[in-house]
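Asks: Test case, fold it:
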Amino acid sequence: MNITIRNDMASVTCQTHGAELLSYKTAEGKEYMWQKDPAYWAKCSPVLFPYVSAVPDTVTIYGKGYKIPRHGFAKDTDFEIAEQGEDYVVLQIKANEATAEIYPYDFVFTVTFRLNGPALDVIYGVSNQGKEEMPFLIGGHPGFFCPMEEGAAFTDYVLHFADEDVEDVCLEYSLFDEDAILFQDLKERSVKLIHKNSKKGIQFDFPDYLSVAFWTPSGKQAPFLCIEPWCAGTLEQVSSTNMLEKKYVQKLPAGKSKDYLFSVKPC
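Replies: A predicted model of the protein is given here:
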């Protein structure tokens, strides 16, 4: 089921299957979200929980292997509406017999979409309902049109970081020949994807995440770029499926909850 929220400055559409973000438009109708095209990528914004990255066989947690799928199971699960208003919606899944077989923890996981003026806030909420510490990885994977302006090209865009220690990244498809590129240990967790001349584009803030990756499919010259906030390890650790060895693995104490926010707005 699709759900649309709006205010006088923007509108957002998501779906209950996978809590996937499908559309983020200005009031004037300008669309920023990549629209699914299997020729390039048949997703818009998969939710990554409780694992991030490929899984050749099983994910190891405290010495035992579990068949958690690539990027976790949240993206393939039907969520329920927990709460809804005109400009926000909260979607929710809970642990059940099926999840217990592949992830042995009692959890509640929510995805909140909330419009804040022209900005969209996306909050992933994790609650440990069990009696033991709960490890997990978590991340977002939203794809945005690039180019965003008529007549522009992918290579006209730059990644401009709020962190003064990081130089602008001029987009070239060759940057992604080996898959994603990852930035970590940033002092300021904010980046703009903007046209190098007009400076128009989007600002993406990820205050609760410890790294951010960028991805577009290799060899396809696709007209979009994914901005992926992660608490999920480094690119060098992709081949390792031991969850507890991953840099930035999250460990939530019994009975505790934690929110992870990222937001996007036009600039």
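Asks: got a list of what M33 touches?
Replies: The contact partners of M33, by Cβ atoms under 8 Å, 6 or more residues apart in numbering, come to L21, L22, S23, Y24, C44, S45, P142, G143, F144, F145. Glycine gets a C-beta too; all of them are placed from N, C-alpha and C.
Asks: Please enumerate the strands of the stretch 51-200 of the chain.
Replies: Counting by DSSP state E, counting those that start in this stretch, the stretch 51-200 of the chain has strands at residues 59-61, 64-66, 80-85, 88-94, 107-116, 119-128, 134-136, 138-139, 143-145, 157-161, 169-170, 181-184, 190-195.
Asks: just those strands: most buried one?
Replies: Here the criterion is mean neighbour count by mean count of other Cβ atoms under 10 Å, and of the strands of the stretch 51-200 of the chain the winner is strand 138-139, at a mean of 27.
Asks: Give me the most central residue, this structure.
Replies: G140 (1.1 Å; Cα atoms, centre = their mean).
Asks: Now do the contacts for that one.
Replies: S45, V47, L48, V122, Y124, F206, Y209, I227, E228, P229, F262.
Asks: and if we set it to 10 Å?
Replies: By Cβ atoms under 10 Å, 6 or more residues apart in numbering, the contact set of G140 is 21, 45-49, 52, 111, 122, 124, 204, 206, 209, 212-213, 226-230, 260-262.
Asks: Could you tell me which of those belong to strands?
Replies: Among these, the residues falling in strands (DSSP state E) are 21, 111, 122, 124, 204, 212-213, 226-230, 260-262.
Asks: Report the buried residues of stretch 173-189.
Replies: Buried residues in stretch 173-189, defined by neighbour count with 16 or more other Cβ atoms under 10 Å: L175, F176, A180, L182, F183, L186, R189.
Asks: For that stretch, C-alpha coordinates in PDB please.
Replies: Only the C-alpha atoms of stretch 173-189 are listed here, as PDB (Å, rounded to 0.1, in the frame of the first residue of the first chain):
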ATOM      1  CA  TYR A 173      31.100   7.300 -13.300                       C
ATOM      2  CA  SER A 174      34.600   5.800 -13.000                       C
ATOM      3  CA  LEU A 175      34.500   6.600  -9.200                       C
ATOM      4  CA  PHE A 176      32.100   3.700  -8.900                       C
ATOM      5  CA  ASP A 177      33.800   1.100 -11.000                       C
ATOM      6  CA  GLU A 178      34.600  -0.900  -7.800                       C
ATOM      7  CA  ASP A 179      31.200  -0.400  -6.200                       C
ATOM      8  CA  ALA A 180      30.400   2.300  -3.600                       C
ATOM      9  CA  ILE A 181      32.800   4.900  -2.100                       C
ATOM     10  CA  LEU A 182      32.700   5.500   1.600                       C
ATOM     11  CA  PHE A 183      33.500   8.400   3.900                       C
ATOM     12  CA  GLN A 184      33.900   8.000   7.600                       C
ATOM     13  CA  ASP A 185      35.000   9.900  10.700                       C
ATOM     14  CA  LEU A 186      33.600  13.100   9.400                       C
ATOM     15  CA  LYS A 187      33.400  16.100  11.800                       C
ATOM     16  CA  GLU A 188      30.300  17.500  10.200                       C
ATOM     17  CA  ARG A 189      27.800  14.900   9.000                       C
END
